[in-house]
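Novice: Structure of the sequence below:
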Amino acid sequence: MAVVLPNTMLTARRKEHQFKRDAHGASVPSVEWSDPSVPLPGALVIPEGGEQSNVPWRIRADLGLLPLLPEDELTTADGRTFIVRTVKPVVVPGYPDVDYLAVTAELDPPYSP
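Specialist: Residues are numbered from 1 along each chain as shown. Predicted structure coming up:
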């Protein structure tokens, strides 16, 4: 088993409500964001194609960033912003201190060659 140590601090911004209703009662996507969370440790795993590729990044985030949902934002200490696509809590039996969130995310703005 490999251990990926934290290599950045992550801040999350969440959509306040995933959907709202307009004046006619139709569901519309929310554009309101929460305030940034407290920075917590995380690890960025560089994609196989390198940092300048358009493949999703794998991020290991602290459980303190829950609730984290698709379309939320993660920002690193150096200012890169990622749009969350998937979130899966990973529990390591017998070692609760190393539990983490397995996140796939896309760099925003995406790399354009």
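
Novice: okay, and the helix or strand of the protein with the least pLDDT?
Specialist: strand 19-21 (a mean of 72; mean pLDDT, DSSP states H and E).

Novice: Can you identify the element that follows it toward the C-terminus?
Specialist: In the C-terminal direction, the helix or strand that comes right after strand 19-21 (DSSP states H and E) is strand 27-29.

Novice: Let me see the mean pLDDT of that next one.
Specialist: Across strand 27-29, pLDDT averages out at 75.

Novice: Next: stretch 49-66.
Specialist: Stretch 49-66 comes out at a mean pLDDT of 88.

Novice: which other residues reach it?
Specialist: 4, 6, 10, 12, 37-38, 40-48, 68, 74, 82, 85, 89, 99-107, 110-111, 113 (C-beta atoms under 8 Å, 6 or more residues apart in numbering). Quick note: C-beta positions are derived from backbone N, CA and C, even for glycine.

Novice: Out of those residues, name the ones that lie in strands.
Specialist: 10, 12, 40-45, 74, 82, 85, 89, 100-107 (DSSP state E).

Novice: Out of these, which end up buried?
Specialist: 10, 12, 41-44, 74, 82, 100-101, 103-107 (16 or more other C-beta atoms under 10 Å).
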